[in-house]
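Participant: below: sequence and its predicted model.
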Amino acid sequence: MGEATYYFKAKFSSVEKAEEAFPAVQAFLLEGAKAHDYWQDHRDMEKEHRVEFWTEFKAKFPIVTKYLNGHVDGDCNNELAGQLDFGEPEDVENHLQVEGREIWYHATVWHFAVWGALASFLVTEFGALHMNHLSDEYIEPFDLL
């Protein structure tokens, strides 16, 4: 399985707004890490137990359920690939920080993780003005020197 380090910066209107949003963003990312583990452990339920998967998923992960929007109640196997790759709890604890009016985060995840929906959710749910993200797979560090 290929991995890459993904980075995001979510910009808020003020330092106070970033600091205010931080605990909720942190809780969401932690819930996302747990939801990812649950999905990996139960994705085989797609064949005969999709309804049970989603019933339990929605009860355990309400913020992530809201984030998944159109994916909920559908395929609980391959359709979620890349949607729940936010990193491990240790990443959230060690690599999420407020820098001025921005929240910064990075984690090593599956190299096909989809962080565009994550960017939209940080804007709509947590009040970020915008969020930029990139993967180290698409940059050349020597170009930055």
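Facilitator: Structure received.
Participant: how near is Cys76 to Pro89?
Facilitator: Remark: distance between Cys76 and Pro89 (C-beta to C-beta, to the nearest Å) = 22 Å. The C-beta positions use only the backbone N, C-alpha and C, and glycine is treated the same way.
Participant: near the residue nearest to Glu19 when sequence neighbours are not counted, how many other residues are there?
Facilitator: Leaving out its chain neighbours, the residue that sits closest to Glu19 by C-beta to C-beta, 6 or more residues apart in numbering is Val98, at 5.6 Å. By other C-beta atoms under 10 Å, 17 other residues sit near Val98.
Participant: so who does Val98 touch?
Facilitator: Neighbour list for Val98: 15, 18-19, 22, 104 [criterion: C-beta atoms under 8 Å, 6 or more residues apart in numbering].
Participant: center of the protein - which residue?
Facilitator: Nearest to the geometric centre of the chain sits Phe86, at 3.8 Å (C-alpha atoms, centre = their mean).
Participant: regarding it, what is its secondary structure?
Facilitator: coil (DSSP: H, G, I helix; E, B strand; the rest coil).
Participant: what of Leu134?
Facilitator: Per three-state DSSP, Leu134 ends up strand.
Participant: quick one: contacts for it?
Facilitator: Per C-beta under 8 Å, 6+ apart, neighbours of Leu134: 6-7.
Participant: in the sheet, who's paired with it?
Facilitator: Assessed by DSSP bridges, Leu134 has beta-bridge partners Tyr7.
Participant: can you map out the helices along the chain?
Facilitator: For the chain, the helices defined by DSSP state H occupy 15-42, 50-60, 62-68, 89-95, 116-126.
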